[in-house]
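**Student:** Predicted model and sequence below, questions to follow.
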Amino acid sequence: MNAPKFDLKPRGQRHDLPAAASLLDSCVIDRHNEMSFDFDPGAKSGGEFRRLLFLVLGLALKYRRLILAFCGVALAIGVGVSLRSTPIFRATGTIQIDREAPRVVKTSTPEDYGRSEPDSRFYQTQYDILKSRLLADQVASDLNLGAALDFIHPQSTSAFAKLRSLIFGSVTTKTDSDHGNLQERQIIAVGMVQGGLSIDPVSGSNLVKVSFDSPSSDWAQRVANGIADSYIKLNLDRRYSATAYARNFLKERLQELKLKLEESEKDLVAYSEQKQLINDDKHSIAESDLAALNGALQKVVAQRINAQQLWEQANSSNGLALPQVLQDSSIQKLMWDRAALTTEYQNKRATFTPAYPDMLKLKAQINAVNREIDSAVDMVKQSLKAAYDSTLQQETLLKQKLDEVKEGVLSTRDKEIQYNILKREADTNRTLYEGLLQQYKDIGVAGAVNTNNVSVVDRAQLPSAPYKPNLKMTLAIALLLGLLAAGSLIALLEILDDTFKSPEEIEEQLGLALLGMIPNSDGDHAKALIESGKGHFAEALRSLRTALQFSTDQGVPKTLLVTSAQPGEGKSTTALGLAVNFTQLGTKVLLIDADLRNPSQHRYLKCDNPAGLSNYLSGRELPERLLQKTSVSRLYLLTSGPLPPNPSELLAGPKMMSLLSLCGEKFDLVIIDSPPVIGLADAPLLSSMALGTLFVISMPDTRCHLVKNSLKRLYFARARIIGAAMNKCDVRSHYGYGYGYGLEYYGYGQQKTTAQLDHSVDA
């Protein structure tokens with residue numbers, strides 16, 4: 001944990017009065033000695049938990065008598081309720097509920113049509129059936145509970161009833177006529193069955209525990225088993241009724257559909273004969289012919305286009321480039337012969353002239369071959385022309401035939417419109433008939449072989465001991481309710497209580513640094529404890545003294561005013577304790593009792609009070625003659641003197657300031673015991689003159705709004721408030737705030753001498 005960081009601001013600054021008043025109203029006062037703490041987040045959460053724990057423990061200790069009283073009353077009520085309560089016996093049986101019954105064969109049943117619902121809805125439905133009035137009425141009828149008077153009006157067997165019967169004798173048993181007629185008793189029995197029934201599903205399984213509570217152990221067992229038996233019987237009856245109803249319903253529908261199917265098939269056959277329609281499963285004959293002709297036409301068109309391309313190619317060229325010409329063997333032989341003659345002619349031309357007889361003969365042979373080639377090419381062209389004409393004629397004939405068939409198909413389709421309507425109706429009726437027939441057969445088989453989906457796992461046994469009242473449970477609940485009631489009342493009291501309940505509230509709500517926590521002690525005992533240096537009180541004052549030494553940059557203020565909001569908060573005791581503690585450090589201290597209305601310091605220090613502060617302020621005495629040396633070394637006292645009729649006027653005069661200045665020169669520290677702030681002007685006047693003001697707050701008595709109003713008055717008087725001291729606090733309740741080590745130190749310190757303790761504190 002990181003050590004807290006202390007932000008010490010310069011002392012001696014004066015507050016702006018309107019700003020100070022507004023800040024005090026909002027419970028955020030800009031104080032001189034502000035502390036800022038930076039904690040590690042984990043340490044802060046741990047501190048909050050400890051703070052809450054100490055707060056709860058403190059409240060429990062504070063209101064321990066109230067808590068004990070509430071718990072005692074609650075326990076007494078719990079014991080009384082247990083003694084007056086009739087013992088109730090609980091019998092529990094276990095049943096298994098499956099979503100569907102085991103099947104010998106795979107069939108469909110009426111329950112299958114609701115299987116789409118979620119499992120949670122199905123089981124919740126079964127639980128509601130178990131709790132239903134229908135089942136309760138069935139149980140009451142099966143067990144004849146209307147005639148069982150010991151079930152409807154059982155005799156009380158509580159401890160209180162047994163004691164009463166021992167003292168006053170047994171109660172006269174009522175006759176049947178006293179309980180109404182059988183029908184009325186039956187209605188009462190049904191209500192009792194529903195009221196005593198409890199359903200407890202076993203998590204993660206299909207098991208359900210069925211319990212029944214009754215003053216009679218025998219009836220608890222019988223009714224619990226009766227509920228399980230009646231539920232199984234009811235479930236079987238519902239399944240059988242559903243199957244029987246479904247069979248009857250399907251049987252009637254099958255008869256209707258059978259007649260409709262026969263009529264629709266007759267109409268379809270009659271229409272086909274009338275219109276002379278012959279259909280296979282997919283198409284009519286006319287449509288088949290149309291498809292065949294269309295396919296043949298496509299082939300002929302493709303052949304005609306090919307023949308036309310060849311013919312046009314033959315006309316546009318010399319014919320030798322045609323594939324048919326190039327592939328003809330006779331034409332190829334002629335072309336080879338012509339090539340040979342032409343080669344021979346060219347070779348001889350170099351030797352002979354064209355007019356030479358051999359040359360003329362070769363020329364004549366070449367011309368003859370050319371004529372044969374031309375004749376062969378013409379024959380190929382004629383064959384191409386014939387093929388083109390043939391395919392064109394076939395295309396024309398097929399188109400004519402296709403047009404004729406199309407007219408027949410369109411005519412047939414007009415006739416088939418009504419035919420298809422009749423056919424669809426017949427097919428629909430056939431499908432419905434076959435589906436219902438299959439369901440009818442499945443239900444018949446299922447009704448014969450299916451078993452029940454509900455079974456008894458454990459039957460209820462005779463309970464050997466009452467289920468309630470459970471004395472331990474009743475007392476535990478009563479104790480818990482008592483604690484809750486006490487806690488609620490404590491919370492209400494704490495909300496209405498405007499006092500400070502913890503040291504943190506002083507810092508949070510007032511904005512003042514808490515310099516010390518002082519245990520409760522009266523003035524006479526306080527002086528003895530301070531002088532001895534032992535105990536919580538003396539140690540708390542040492543801690544406060546140390547905090548005051550670090551309250552300002554110059555240490556403890558030269559003139560320190562000690563005041564409080566109202567009388568009785570221990571400001572005088574605190575002032576005395578501080579004065580004695582500072583003398584133990586070798587400091588020369590003057591204690592001024594400035595409470596001119598209810599002085600007390602002369603009684604604590606056992607000094608006379610014939611003359612004092614009031615005499616000096618009225619101008620009758622010099623301060624040197626008024627100071628008294630006390631029994632405490634280095635401690636001097638200026639008593640209040642005779643009580644004047646006008647204390648505020650005396651304190652407001654210039655002599656008070658002169659006295660403080662003079663005493664500040666002669667003494668190391670001047671501590672002023674001031675009157676309370678509320679209702680008086682003395683404390684604000686004195687606080688404006690002192691260099692520092694210590695505000696004392698009584699932990700259990702002072703209300704928050706009184707302290708805020710007092711601080712507001714002090715700030716308006718330009719008081720230099722250095723911090724607050726919490727007085728009359730219970731160290732046991734708040735030791736966690738700063739006295740955890742202190743308590744252990746006190747116990748350990750019993751073995752040390754007083755001189756050693758003083759030496760360690762001074763060091």
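**Tutor:** Structure received.
**Student:** contacts and neighbour counts: CA atoms only from here.
**Tutor:** Noted.
**Student:** how much space between residue 50 and residue 187?
**Tutor:** 61 Å (CA to CA, to the nearest Å).
**Student:** try residue 203
**Tutor:** Noted for residue 203: a distance of 34 Å to residue 187, by CA to CA.
**Student:** Who has more neighbours out of those two?
**Tutor:** Taking neighbours as other CA atoms under 10 Å, residue 203 and residue 187 compare with residue 187 leading, 15 against 8.
**Student:** buried residues in the host helix or strand of the more buried one?
**Tutor:** According to DSSP states H and E, residue 187 maps onto helix 182-196. Neighbour-count burial for helix 182-196, with 16 or more other CA atoms under 10 Å as criterion, is recorded at 185-186, 188-194.
**Student:** If we only consider those residues, which is nearest to residue 512?
**Tutor:** For the buried residues of helix 182-196, the residue nearest residue 512 by CA to CA is residue 194; the value is 66.5 Å.
**Student:** average model confidence for stretch 517-537?
**Tutor:** Taken as a whole, stretch 517-537 has a mean pLDDT of 64.
**Student:** which residues of the stretch 551-700 of the chain fall in strands?
**Tutor:** 559-564, 589-593, 628-629, 635-638, 669-673, 692-698 (DSSP state E, counting those that start in this stretch).
**Student:** Would you mind finding the most buried of the ones you listed?
**Tutor:** Across the strands of the stretch 551-700 of the chain, averaging neighbours per residue (mean count of other CA atoms under 10 Å) puts strand 559-564 on top, at a mean of 28.
**Student:** between that strand and strand 589-593, how big is the angle?
**Tutor:** 40 degrees (axes from the mean of the first three to the mean of the last three CA atoms, to 10 degrees).
**Student:** strand partners of strand 559-564, parallel vs antiparallel please.
**Tutor:** Partner strands and pairing direction for strand 559-564 (DSSP bridges) are strand 669-673 (parallel), strand 692-698 (parallel).
**Student:** can you tell me which of the ones you listed comes nearest to residue 274?
**Tutor:** strand 692-698 (120.2 Å).
**Student:** Report the distance from the closest one to the chain centre.
**Tutor:** 48 Å (CA atoms, centre = their mean, to the nearest Å).
**Student:** Over it, what's the mean pLDDT, rounded is fine.
**Tutor:** Strand 692-698 comes out at a mean pLDDT of 93.
**Student:** returning to what we had before: other SSEs contacting the helix holding residue 187?
**Tutor:** Counting by 3 or more CA pairs under 8 Å, 6 or more residues apart in numbering; DSSP states H and E, the packing neighbours recorded for helix 182-196 are helix 133-143, helix 149-152, strand 207-214.
**Student:** you'd agree residue 95 is in a strand?
**Tutor:** Yes: assigned with DSSP: H, G, I helix; E, B strand; the rest coil, residue 95 falls within a strand.
**Student:** which residues does it contact?
**Tutor:** 207-210, 228, 454-458 (CA atoms under 8 Å, 6 or more residues apart in numbering).
**Student:** Which of those residues has the largest number of neighbours?
**Tutor:** residue 228 (26 neighbours).
**Student:** Now for it: which residues touch it?
**Tutor:** Residue 228 sits next to 93, 95, 210, 456 when contact means CA under 8 Å, 6+ apart.
**Student:** Now that we have the residues you listed, can you turn them into JSON lines and tack on distance to residue 669 and pLDDT?
**Tutor:** As requested, these are arranged in JSON lines below (distance: CA to CA, whole Å; pLDDT from 0 to 100):
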{"residue": "93", "distance to residue 669": "88", "pLDDT": "91"}
{"residue": "95", "distance to residue 669": "90", "pLDDT": "92"}
{"residue": "210", "distance to residue 669": "85", "pLDDT": "92"}
{"residue": "456", "distance to residue 669": "94", "pLDDT": "88"}
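**Student:** Can you say which two of these are spatially most distant?
**Tutor:** 210 and 456 (10.4 Å).
**Student:** Which neighbours do the two have in common?
**Tutor:** Joint contacts of residue 210 and residue 456 (CA under 8 Å, 6+ apart) are 93-95, 228.
**Student:** Would you reformat the residues you listed as JSON lines and include distance to residue 308?
**Tutor:** What follows is the shared contacts of residue 210 and residue 456, written out as JSON lines (distance: CA to CA, whole Å):
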{"residue": "93", "distance to residue 308": "99"}
{"residue": "94", "distance to residue 308": "95"}
{"residue": "95", "distance to residue 308": "92"}
{"residue": "228", "distance to residue 308": "96"}
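**Student:** My guess is residue 338 contacts residue 369. True?
**Tutor:** Yes: counting by CA atoms under 8 Å, residue 338 touches residue 369, with 6.1 Å between them.
**Student:** what's the burial count for residue 292?
**Tutor:** Neighbour tally, residue 292, other CA under 10 Å: 12.
**Student:** Please report how far it lies from residue 76.
**Tutor:** The separation that residue 292 has from residue 76, given CA to CA, amounts to 108 Å.
**Student:** Residue 665 too?
**Tutor:** 71 Å.
**Student:** could you pull out the helices for the stretch 251-400 of the chain?
**Tutor:** 285-316, 323-326, 329-349, 357-449 (DSSP state H, counting those that start in this stretch).
**Student:** Now render those as CSV, adding distance to residue 638 and mean pLDDT.
**Tutor:** Shown next, in CSV, are the helices of the stretch 251-400 of the chain (distance: least, CA to CA, whole Å; pLDDT from 0 to 100):
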stretch, distance to residue 638, mean pLDDT
helix 285-316, 138, 76
helix 323-326, 151, 63
helix 329-349, 161, 78
helix 357-449, 114, 74
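**Student:** okay if I get these as CSV plus distance to residue 606?
**Tutor:** Converted to CSV, the helices of the stretch 251-400 of the chain look like this (distance: least, CA to CA, whole Å):
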stretch, distance to residue 606
helix 285-316, 140
helix 323-326, 155
helix 329-349, 164
helix 357-449, 111
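**Student:** Mind checking the ones you listed for the one nearest to residue 100?
**Tutor:** Across those, closest to residue 100 is helix 357-449 (CA to CA), at 12.3 Å.
**Student:** Tell me the helix or strand right after the closest one.
**Tutor:** strand 454-458.
**Student:** For the helix or strand just after that following strand, list every residue counted as buried.
**Tutor:** Sequence-wise, the next helix or strand downstream of strand 454-458 (DSSP H and E) is helix 471-496. Across helix 471-496, burial judged by 16+ other CA under 10 Å covers 474-475, 478-479, 481-483, 485-487, 490.
**Student:** ok, now stretch 672-689?
**Tutor:** 672-678, 681-689.
**Student:** With neighbour numbers in mind, choose between residue 665 and residue 76.
**Tutor:** Taking neighbours as other CA under 10 Å, residue 665 and residue 76 compare with residue 76 leading, 15 against 11.
**Student:** That one sits in which helix or strand?
**Tutor:** Assigned by DSSP H and E, residue 76 belongs to helix 64-84.
**Student:** From the chain's centroid, how far away is that helix?
**Tutor:** 36 Å.
**Student:** and the angle for that helix with helix 471-496?
**Tutor:** Helix 64-84 runs at 150 degrees relative to helix 471-496, counting by the same axes, to 10 degrees.
**Student:** nearest to residue 247, of the contacts of residue 95?
**Tutor:** Among the contacts of residue 95, and counting by CA to CA, the member closest to residue 247 is residue 454, at 23.1 Å.
**Student:** OK, contacts around the nearest residue to that closest one once chain neighbours are set aside?
**Tutor:** Spatial nearest neighbour of residue 454, excluding adjacent residues (CA to CA, 6 or more residues apart in numbering): residue 97 at 4.8 Å. Residues in contact with residue 97 (CA under 8 Å, 6+ apart) are 206-208, 453-455.
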